[in-house]
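Chemist: Generate a structure from the sequence data that follows.
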Amino acid sequence: MAAGGNNRSRLLLVILLVTSLFLITLDLRGVNITKNSRSATQTFLAPIQRGVSDLFSPVGNFFSDIKNFGKTKSELKELKEENAKLREKVIFNDDTLGQLKKLENVLDLAGRGKYKVVSARVIGKGSSATFSQTITIDSGSNDGVMKDMTVIGELGLVGVVKSTTSTSAIVLLMSDPTFRIGVRIARSQSIGVLLGEGDNNYTLQLLDPSGSIEKDDVLLSLGSDNNKPFVPGVPVGYVKTVKNSRATLTQEAIVASYSNLGSLGVVSVIISSANGGPKDALIPMPRPTPTTTIYVTQPPAIDTATATKDKN
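Modeler: Numbering: from 1, shown residues only. I've put the predicted structure just below:
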């Protein structure tokens, strides 16, 4: 029944369209019969035209939206790429500024010690072959870096070069349990050996039984023959705790290093040292002791005469 109704509607629509075309043809030929009927026809067809327009308008809008969506998606992708580039630039700038600051401090230390150095970036940590505590730097034999050269950071000793390639080198950190270096105490000039313990603490063994160790004593590298593997005068660390008294055969102390081996970004390899070394020129400034200032506010003065009068 519904199908029959649809067929009749389609037939009626076709008849109306044919009639409209017929009337328009007569009008173009000058027949006045269409003059009065044109308005009626247009009035009749207007709702149909609006219906057809409303029917196909969403389709047109749909294809237009698809086109605009593609354009919006492309613009969004470009914005994301630009945002990523800006983010990378910010990270790069922060990283560069951080490295420049560390390099400035390293070169300042080397300059005060009159060391000739080659600076390098840390490009790797650890050694899968030996499991020792090492770092890899991006300077090698092409830059004058050789085995058994002293490596410093911005505050003091870092380690010693163990092997090189033409463009890189492996540095054994002073925290490695196999690490040993001769040191002297700046205050008493007593000589000892510093041993790596695998962490941030080190053990100092004094070689002179009559020597003196005190808390906060500064340790400097003693130096080696021909400055290999260690040049003299490099700050190594400071005494945290004295383990035993001078009455024992070997005095020991727990030492903290000046260099933070966990945040090494830029280091310098000492190629040569001035004759005699820097002596005590590189002794770090004493660490300031935190102080607390207490301000006492005086209470207001009391007029005793007035108080007595009020009481009476």
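
Chemist: Please pull out the lowest mean pLDDT helix or strand from the protein.
Modeler: Taking mean pLDDT, DSSP states H and E as the measure, the helix or strand of the chain with the lowest value is helix 304-311, at a mean of 53.

Chemist: where does the stretch 101-250 of the chain have low pLDDT?
Modeler: 102, 127-131, 244-248 (pLDDT under 70).

Chemist: what are the ranges of the helices in it?
Modeler: Along the stretch 101-250 of the chain, no segments are classed as helices by DSSP state H, counting those that start in this stretch.

Chemist: Hmm, residue 149 is touching residue 161, no?
Modeler: Yes. Judged on CB atoms under 8 Å, residue 149 makes contact with residue 161 at a distance of 4.5 Å. Glycine gets a C-beta too; all of them are placed from N, C-alpha and C.

Chemist: got any residues that touch both of the two?
Modeler: Applying CB atoms under 8 Å, 6 or more residues apart in numbering, one finds that residue 149 and residue 161 are jointly contacted by 229, 269.

Chemist: Can you give me the domain boundaries for this structure?
Modeler: Domain assignment for the chain by automatic domain parsing gives 1-112, 117-273.

Chemist: For residue 252, see how far away residue 145 is.
Modeler: According to CB to CB, to the nearest Å, residue 145 and residue 252 sit 34 Å apart.

Chemist: Next: residue 224.
Modeler: For residue 224, the distance to residue 252 equals 23 Å [CB to CB].

Chemist: Next: residue 76.
Modeler: 66 Å.

Chemist: Can you pick out the residue with more neighbours from these two?
Modeler: Between residue 76 and residue 252, counting by other CB atoms under 10 Å, residue 252 is the more crowded of the two (17 against 10).

Chemist: can you pull out the strands in the stretch 101-250 of the chain?
Modeler: Per DSSP state E, counting those that start in this stretch, the stretch 101-250 of the chain carries strands over the ranges 115-125, 134-137, 150-152, 157-164, 169-173, 180-185, 191-196, 201-206, 218-221, 235-242.

Chemist: looking at these, which is buried most?
Modeler: Mean neighbour count (mean count of other CB atoms under 10 Å) peaks for strand 150-152 among those, with a mean of 27.

Chemist: Quick one: residues in contact with that strand.
Modeler: Counting by CB under 8 Å, 6+ apart, 106, 109-110, 115, 117, 137, 157-161, 171, 221, 227, 229-231, 234, 259, 267-270 sit against strand 150-152.

Chemist: Setting aside sequence neighbours, what's the nearest residue to residue 137?
Modeler: Closest residue to residue 137 apart from its sequence neighbours, by CB to CB, 6 or more residues apart in numbering: residue 120 at 3.8 Å.

Chemist: That neighbour against residue 269, yeah?
Modeler: Yes. If you go by CB under 8 Å, residue 120 and residue 269 touch, sitting 6.6 Å apart.

Chemist: what do those two both touch?
Modeler: Common contacts of residue 120 and residue 269 (CB under 8 Å, 6+ apart): 137, 139, 145, 169.

Chemist: backbone phi and psi for the second one, please?
Modeler: Main-chain torsions, residue 139, degrees, to the nearest 10: phi -120, psi 140.

Chemist: so residue 175 sits right up against residue 257, yeah?
Modeler: Yes. Counting by CB under 8 Å, residue 175 sits close enough to residue 257 to count as a contact (7.4 Å).

Chemist: who has more neighbours, these two?
Modeler: Set residue 175 next to residue 257 and count neighbours by other CB under 10 Å: residue 257 wins out with 24 against 21.

Chemist: Tell me who's in contact with the closest residue to that one other than its chain neighbours.
Modeler: Leaving aside its sequence neighbours, residue 257 sits nearest to residue 237 (CB to CB, 6+ apart; 4.3 Å). Residue 237 is in contact with 156, 157, 194, 202, 219, 255, 256, 257, 258, counting by CB under 8 Å, 6+ apart.

Chemist: for residue 195, same thing?
Modeler: Taking CB under 8 Å, 6+ apart as the criterion, residue 195 is in contact with 177, 179, 180, 202, 203, 204, 205.
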